[in-house]
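Engineer: sharing a model prediction with you, sequence too.
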Amino acid sequence: MKNQTPLSKYQWLVVAILALTQFTVVLDFMVMSPLGDLLMKDLQVKPYQFGIVVSSYALAAGLSGFLTAGFADRFDRKRLLVFFYSGFIIGTMFCGLAQSYEQLVLARIFTGIFGGVMSSISMAIVADLFALQQRGRVMGFMQMGFGLSQILGIPISLYIAAKSNWQMPFYMIVVLSLTMLVLILFGLKPVRAHLDKKTEHSAFKHLLTTVRNRNYRIGFMATAFMSLGGYFMMPWGSAFAVNNVGITQKELPLLFMIVGVSTFMIMPLIGWLADKVNKFQLFMTASVIMIGAVLVYVRLGESSFFVLVLVNIFMMGGIMARMVPSQALTSSVPELHDRGAFMSINSSLQQIAGGIAAIIGGKIVWQASPTAPLMNFEVLGYVVVAVILINIFLTNRVYKYVIRKTKEAA
């Protein structure tokens, strides 16, 4: 676990391609929230309708992951990546072309069907091409896409949309994605080692076998609770910052940018640590940090911008520092011939759990008016802490299984 295997030049190229590809997919998802005000005014949709626009992507992505899980290990992973990324680009173009609420919902569903599978394919490629001792660093760099989306994506998208219209950021994502598609086509070699392993002829049977595997189910549960903990408070972050903490709308982009820069700088360090120290110990440390940050965050009354930024950095750092070692461990759970199916199901559960968390969070918190403080936000914090504690238990089981599996293989 403590051995640091160096990455080859080709492996660094693969990391760069997958990380930048993930950046475009994450940006497409993240850009919806900051565009919400402009979009609702332009299309004249109500808040609950905008919620449907956002959730339609996650639901479509979750369903797509389950439907493709049985086929994920039957094709060259590069071909799968090209196919689904091409569909994602087309869907994003449809989002930019949408002129009505109905068209936008359909476009988001189409984009979710293809974009929702991208993460699982990328994770399967990582598991195939990188040893366990390398995956912490790789996951760290891939998670930098999340930080980049906050540093560059949100501020630039808001600026472009303010200067033109809400459709323009989607066109920007299409241009970036087309560039990445060219790099995938000419820079990534075929990934076919898993095809040499014999498996069932039926795609449905392959899916069913993957779900029935007890050790795989532990990994699925750990991933689901990881997503629950991360997404419970995310939808309400902006409203809480403005209505409870008291910062202005103009300060929100700066908040996202500072937290994003901090996350971007922290991720490589966490990835390096994940390959140098015990992955579960790193996960535990990050979980304790996140619990502390969450308990402080939900109790914030009117505070300074600096205090809000500082607490958000610790909280986001805790989220990301948990995610890197957790994903590195989870990627080691499936056998080679099951990785595509496992990662597809895992990604689906991640999307669905995030949607469930948003629904539950909406039932817990409430506002007397759009400008009133969020009520019961502290209760939501206690729920998040409980979810983190359950996730620690599940991730410990994943860690023990991976250690046992590694020893048996040796």
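Structural biologist: Yep, that arrived.
Engineer: now do residue 140, the pLDDT please.
Structural biologist: On pLDDT, residue 140 comes in at 69.
Engineer: what do you get for residue 282?
Structural biologist: 90.
Engineer: doesn't it fall inside a strand?
Structural biologist: No: secondary structure of residue 282 (DSSP: H, G, I helix; E, B strand; the rest coil): helix, not part of a strand.
Engineer: surely it is in contact with residue 323?
Structural biologist: No: counting by CB atoms under 8 Å, residue 323 is not a contact partner of residue 282; they are 11.1 Å apart. The way it works is simple: take the backbone N, C-alpha and C, and place the C-beta from them, glycine included.
Engineer: the closest residue to residue 242 other than its chain neighbours: neighbour count?
Structural biologist: Among residues not flanking residue 242 along the chain, residue 249 sits closest, at 6.3 Å (CB to CB, 6 or more residues apart in numbering). For residue 249, the tally of surrounding residues (other CB atoms under 10 Å) stands at 10.
Engineer: residue 249 and residue 167, how far apart?
Structural biologist: Distance from residue 249 to residue 167, counting by CB to CB, to the nearest Å: 22 Å.
Engineer: quick check: which ranges of the stretch 251-400 of the chain have low pLDDT?
Structural biologist: Scanning the stretch 251-400 of the chain for pLDDT under 70 picks out 340, 367, 369-370.
Engineer: that one: helices as residue ranges?
Structural biologist: In the stretch 251-400 of the chain, the segments counted as helices under DSSP state H, counting those that start in this stretch are 252-276, 279-297, 305-330, 339-364, 377-409.
Engineer: in the third one, what counts as buried?
Structural biologist: Using 16 or more other CB atoms under 10 Å as the burial criterion, the residues of helix 305-330 that qualify are 305, 308-330.
Engineer: do the last one as well
Structural biologist: Residues of helix 377-409 classed as buried by neighbour count (16+ other CB under 10 Å): 377, 380-381, 383-385, 387-388, 391-392, 394-396, 398-399, 401-403.
Engineer: for the host helix or strand of residue 135, the distance to its chain's centre please.
Structural biologist: Here residue 135, judged by DSSP states H and E, is contained in helix 132-142. Relative to its chain's centre, helix 132-142 lies at 15 Å (CA atoms, centre = their mean, to the nearest Å).
Engineer: need the contact partners of that helix.
Structural biologist: The contact list for helix 132-142 (CB atoms under 8 Å, 6 or more residues apart in numbering) reads 1, 3-5, 7, 11, 15, 18-19, 22, 122, 126-127, 130, 267-276, 279, 323-325, 327-328, 331-332, 402, 406.
Engineer: out of those, which end up buried?
Structural biologist: By 16+ other CB under 10 Å, the contacts of helix 132-142 give 1, 7, 11, 15, 18-19, 22, 122, 126-127, 130, 267, 270-271, 273-276, 279, 323-325, 327-328, 331-332, 402 as buried.
Engineer: out of the helices of the stretch 251-400 of the chain, nearest to residue 225?
Structural biologist: Proximity to residue 225 (CB to CB) singles out helix 377-409 among those, at 4.1 Å.
Engineer: taking helix 132-142 as reference, get the angle to the closest one.
Structural biologist: Helix 377-409 runs at 150 degrees relative to helix 132-142, counting by axes from the mean of the first three to the mean of the last three CA atoms, to 10 degrees.
Engineer: show me how far helix 377-409 is from its chain's centre.
Structural biologist: Chain-centre distance of helix 377-409: 18 Å, with CA atoms, centre = their mean.
Engineer: packing partners for that helix?
Structural biologist: Applying 3 or more CB pairs under 8 Å, 6 or more residues apart in numbering; DSSP states H and E, we find helix 377-409 packed against helix 214-231, helix 279-297, helix 305-330, helix 339-364.
Engineer: got the CA coordinates for the second one in PDB?
Structural biologist: Translated: helix 279-297. Extracted in PDB, the C-alpha atoms of helix 279-297 (Å, rounded to 0.1, in the frame of the first residue of the first chain):
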ATOM      1  CA  LYS A 279      -6.000   4.900   2.400                       C
ATOM      2  CA  PHE A 280      -8.600   4.200   5.100                       C
ATOM      3  CA  GLN A 281      -6.700   6.200   7.700                       C
ATOM      4  CA  LEU A 282      -6.700   9.100   5.300                       C
ATOM      5  CA  PHE A 283     -10.400   8.600   4.700                       C
ATOM      6  CA  MET A 284     -11.100   8.600   8.500                       C
ATOM      7  CA  THR A 285      -9.100  11.800   9.000                       C
ATOM      8  CA  ALA A 286     -10.900  13.600   6.200                       C
ATOM      9  CA  SER A 287     -14.300  12.400   7.600                       C
ATOM     10  CA  VAL A 288     -13.500  13.800  11.100                       C
ATOM     11  CA  ILE A 289     -12.500  17.200   9.500                       C
ATOM     12  CA  MET A 290     -15.700  17.200   7.400                       C
ATOM     13  CA  ILE A 291     -17.900  16.400  10.500                       C
ATOM     14  CA  GLY A 292     -16.300  19.400  12.400                       C
ATOM     15  CA  ALA A 293     -16.700  21.700   9.400                       C
ATOM     16  CA  VAL A 294     -20.300  20.700   8.900                       C
ATOM     17  CA  LEU A 295     -21.200  21.300  12.500                       C
ATOM     18  CA  VAL A 296     -19.600  24.700  12.400                       C
ATOM     19  CA  TYR A 297     -21.200  25.600   9.000                       C
END
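Engineer: pull the residues that contact it.
Structural biologist: 1, 136, 229, 233, 270, 273-274, 311-312, 314-315, 317-319, 321-322, 324-326, 328-329, 381, 384-385, 388, 391-392, 395-396, 399.
Engineer: just give me the neighbour total for the closest residue in space to residue 61 that isn't next to it in sequence.
Structural biologist: The shortest distance from residue 61 to any non-neighbouring residue, by CB to CB, 6+ apart, is to residue 116 (2.1 Å). By other CB under 10 Å, the residues close to residue 116 number 28.
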